[in-house]
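S.K.: Sequence and computational prediction follow.
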Amino acid sequence: MRILLVSQMYPGPGAPTLGTFVADLERALAARGHDLARAVVDRRGGHGRHLTLARDVVRTAQRFRPDVVYAHFLVPAGLLGALAGRAPAVLTAHGQDVANAERSRVLRGATRLAVRRATSVIAVSNWLRLRLEAAVPGAAGKTSVIDCGVDLERFVPADRDAARAEVGWQPQGPGFLCVGTLDERKNVVRLADAFARSGVGSLAFVGDGPLRARLVGRHGVRVEGPVAHDAVARWLAAADVVCQPSLVEPFGLATLEALACARSVVATRVGGPPEFVPPGAGVLVDPLDEEGIAAGMAAAAELPRPNAAARAAAEPHDVRRQVERIEALLESATRAPAAASAPVERR
């Protein structure tokens, strides 16, 4: 197939970790023999980036003549792909796009149009599918649940001590790690407070964001800052427990990557993680319960290291398996009349 990839998040020179999951899916589709062209935003912020994306979608579609458009995020990328891509479209909802539709009448209208014009829609978790269908009833019957997957060849069980030497982190006691943006949604301050309550081990944050200043200088806490995506696996291997007690996590890629590295997790109950974190692989917590997060950290630290149950939980989510399912939807779209429903695939 000739596939036009459209995304408002994609890794670029100034933002190498932006939308890495989109690039991983692109590589997996290319490895299956498909010809891809892209129209993407590969930088953070900046005026006019969505207008530039619209122009790029039109120009790339005219030049490339795709069989199908594969777009990430419903609005604006999905809407642009569905309207200007000159081919049937498969759109992926990731979370913030659905939240925007819930909060804004204008964006809800745009999302309804995108869904109506799409041949099929993908939600990265069943939790998100339900939210989307409540906000945009037209998504019911044409939405499949397919997550972004994890590269099981990149995120692998590895020697903890060797990884610690490589990243320069030597925790005293259990090593707890949080990977992601240091913002309110990721619940990083409450996590740091829960860690202080426990008084055991060391906690590292890999990432950056507006709440960094509220984490720096705390006893036992290290704020590493952002690292290259390829270095994330080494940090995960260096940890005993990976924590992502977000206020909401529509999917939870960092949690899945930690499981793939055979690391136990502390994950939020709100969103996608309950769909792939079974007992024995980690602990699910109420993100608003600081004492519960502390108890979850202590319980996760008692799980095996490395944790074979965690790796086993990640294996069904191999990005190559997920791409096989995406490929089937894309092929179905090329055969379907415009805006027809595709077969529903749910877990």
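M.R.: Thanks, I have the structure now.
S.K.: got the contact list for Val285?
M.R.: Taking C-beta atoms under 8 Å, 6 or more residues apart in numbering, we find Val285 in contact with Pro245, Val266, Ala267, Thr268, Arg269, Gly292, Ile293, Ala295, Gly296. The C-beta positions use only the backbone N, C-alpha and C, and glycine is treated the same way.
S.K.: Please enumerate the helices of the stretch 1-150 of the chain.
M.R.: Secondary structure of the stretch 1-150 of the chain by DSSP state H, counting those that start in this stretch: the helices cover 20-31, 49-64, 79-84, 96-103, 105-117, 126-135.
S.K.: now the angle from the fourth one to helix 105-117?
M.R.: Using axes from the mean of the first three to the mean of the last three C-alpha atoms, to 10 degrees, the inter-axis angle of helix 96-103 relative to helix 105-117 is 120 degrees.
S.K.: Check which residues of helix 96-103 are buried.
M.R.: Neighbour-count burial for helix 96-103, counted by 16 or more other C-beta atoms under 10 Å, picks out Asp97, Val98, Ala99, Asn100, Ala101.
S.K.: next one: that helix to chain centre, how far?
M.R.: 16 Å (C-alpha atoms, centre = their mean, to the nearest Å).
S.K.: packing partners for it?
M.R.: Applying 3 or more C-beta pairs under 8 Å, 6 or more residues apart in numbering; DSSP states H and E, one finds that helix 96-103 contacts helix 105-117, helix 126-135.
S.K.: do the same with the shortest one
M.R.: Packing partners of helix 79-84 (3+ C-beta pairs under 8 Å, 6+ apart): strand 2-7, helix 49-64, strand 68-72, strand 89-93, helix 105-117.
S.K.: Could I get the average pLDDT for the last one?
M.R.: Confidence over helix 105-117, taken as the mean pLDDT, stands at 97.
S.K.: Same check on the third one?
M.R.: Confidence for strand 68-72, expressed as mean pLDDT, is 98.
S.K.: relative to strand 89-93, how tilted is that strand?
M.R.: If you take the same axes, to 10 degrees, strand 68-72 sits at 10 degrees to strand 89-93.
S.K.: ok, now which ones touch the residue nearest the centre of the chain?
M.R.: In the chain, the centroid-proximal residue (C-alpha atoms, centre = their mean) is Leu253; its distance is 4.2 Å. Leu253 makes contact with Phe21, Cys148, Val150, according to C-beta under 8 Å, 6+ apart.
S.K.: at 10 Å what do you get?
M.R.: Applying C-beta atoms under 10 Å, 6 or more residues apart in numbering, we find Leu253 in contact with 20-21, 24, 94, 124, 147-150, 179-180, 244, 272, 317.
S.K.: and if you look at Ala93?
M.R.: Listed by C-beta under 10 Å, 6+ apart, the contact set of Ala93 reads 72-75, 78, 101, 111, 114-115, 121-125, 128-129, 131-132, 136, 139, 143, 250.
S.K.: Arg112 is in contact with Ala82, correct?
M.R.: No: at 11.6 Å, Ala82 and Arg112 do not qualify as touching, with contact defined as C-beta atoms under 10 Å.
S.K.: And these two? Which one has more around it.
M.R.: More neighbours surround Ala82 than the other of Ala82 and Arg112, with 27 against 19 (other C-beta atoms under 10 Å).
S.K.: low pLDDT regions in this protein?
M.R.: Within the chain, the ranges that satisfy pLDDT under 70 run 338-347.
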